[in-house]
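K.L.:
All I have is the shape, not the residue letters:
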């Protein structure tokens, strides 16, 4: 079975530009979460979506937005990119969002902002 | 505040030696606890998890972890380290049963000497 997939693998953008990252969850999983991992740090929670509704938002500015589609795939959008947005963006999927359901991570998208 | 602490940023062990990586979670209701491993440039792979019950949990790749409520700890152990274990290890917690949003520690980078 395919795991969580993310695209693109790598991305280079310029300050002020906008970027869209994509994630496909494991088949049958209804929830997608997004995390930002800055070099040398642990992942930080950005968003969680379940059944196309936002169920959680981390401490990130409004430049960050996301959505989930009927097929449960998801996009993360970041507007007005800053140098500090350079990071590995991880997507995770789970069947449900209650605490006992573990999350499975994709390989991530490496975003570099110059 | 809900948090996870990994006191050791970097650890070096010799191949064949035993390993213990420390993790402490903020006190309060016992969270669900996880250990993930991340190889360079890769996503996160779940090693093991603790929800309740037996405080010694077994995971993949020969890893185990022990939950100690009195110390708010969930330390990861392996009796004999292999060179392929070199990676970054993250302890994470889920607080509350209504969400599986992960709170990560800052990670411990493990180097293995031949």
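P.N.:
Structure's in. What do you need? Worth saying up front: this structure is predicted, and the values here are computed from it rather than measured. Residues are numbered from 1 along each chain as shown, chains lettered A, B, ... in the order given.

K.L.:
What's the local residue count around the residue in chain B that chain A sits nearest to?
P.N.:
Using C-beta to the nearest C-beta, the closest approach of chain B to chain A is made by residue B:104 at 3.4 Å. (Glycine included, C-beta is placed from N, CA and C.) For residue B:104, the neighbour count with other C-beta atoms under 10 Å in any protein chain shown is 22.

K.L.:
And for the one 10 residues further on?
P.N.:
Summarising burial for residue B:114: neighbours were counted as other C-beta under 10 Å, giving 6.

K.L.:
is it true that it touches residue B:16?
P.N.:
No. Taking contacts as C-beta atoms under 8 Å, residue B:114 lies outside contact range of residue B:16: 9.7 Å.

K.L.:
Residues that sit against both of the two, list them.
P.N.:
When contacts are counted by C-beta atoms under 8 Å, 6 or more residues apart in numbering or on different chains, residue B:114 and residue B:16 have no shared neighbour.

K.L.:
still on that earlier bit, list the contacts of the residue of chain B closest to chain A.
P.N.:
Per C-beta under 8 Å, 6+ apart, neighbours of residue B:104: A:42-44, B:4, B:36, B:90-92.

K.L.:
Give the helix, strand or coil label for the closest residue to it other than its chain neighbours.
P.N.:
Closest residue to residue B:104 apart from its sequence neighbours, by C-beta to C-beta, 6 or more residues apart in numbering or on different chains: residue A:42 at 3.4 Å. Following DSSP: H, G, I helix; E, B strand; the rest coil, we place residue A:42 in the coil state.

K.L.:
Was I right to think residue A:42 contacts residue B:108?
P.N.:
No. Assessed by C-beta under 8 Å, residue A:42 is found out of contact with residue B:108, at 10.2 Å.

K.L.:
which residues do those two both contact?
P.N.:
residue B:90.

K.L.:
Now do the lowest-mean-pLDDT helix or strand in chain A: distance to the chain's middle.
P.N.:
Least confident helix or strand, chain A: strand A:53-57 with a mean of 92, by mean pLDDT, DSSP states H and E. How far strand A:53-57 lies from its chain's middle: 12 Å, per C-alpha atoms, centre = their mean, to the nearest Å.

K.L.:
Which positions within it qualify as buried?
P.N.:
A:55-56 (16 or more other C-beta atoms under 10 Å in any protein chain shown).

K.L.:
Sheet partners, orientation included, of that strand?
P.N.:
strand A:44-50 (antiparallel) (DSSP bridges).

K.L.:
Identify all contacting residues around the partner strand.
P.N.:
A:30-38, A:54-58, A:60, A:64, A:66-68, A:74, A:76, A:96-97, B:99, B:101-104.

K.L.:
make it 6 Å
P.N.:
Here strand A:44-50 makes contact (C-beta atoms under 6 Å, 6 or more residues apart in numbering or on different chains) with A:30-36, A:55-58, A:60, A:64, A:66, A:68, A:74, A:97, B:101.

K.L.:
From the residues you listed, list just the buried residues.
P.N.:
Here, 16+ other C-beta under 10 Å leaves A:30-36, A:55-56, A:60, A:64, A:66, A:68, A:74, A:97, B:101 buried among those.

K.L.:
if you look at the residues you listed, which of them are in strands?
P.N.:
If you go by DSSP state E, the buried ones among the contacts of strand A:44-50 have A:31-36, A:55-56, A:64, A:66, A:68, A:74 in strands.
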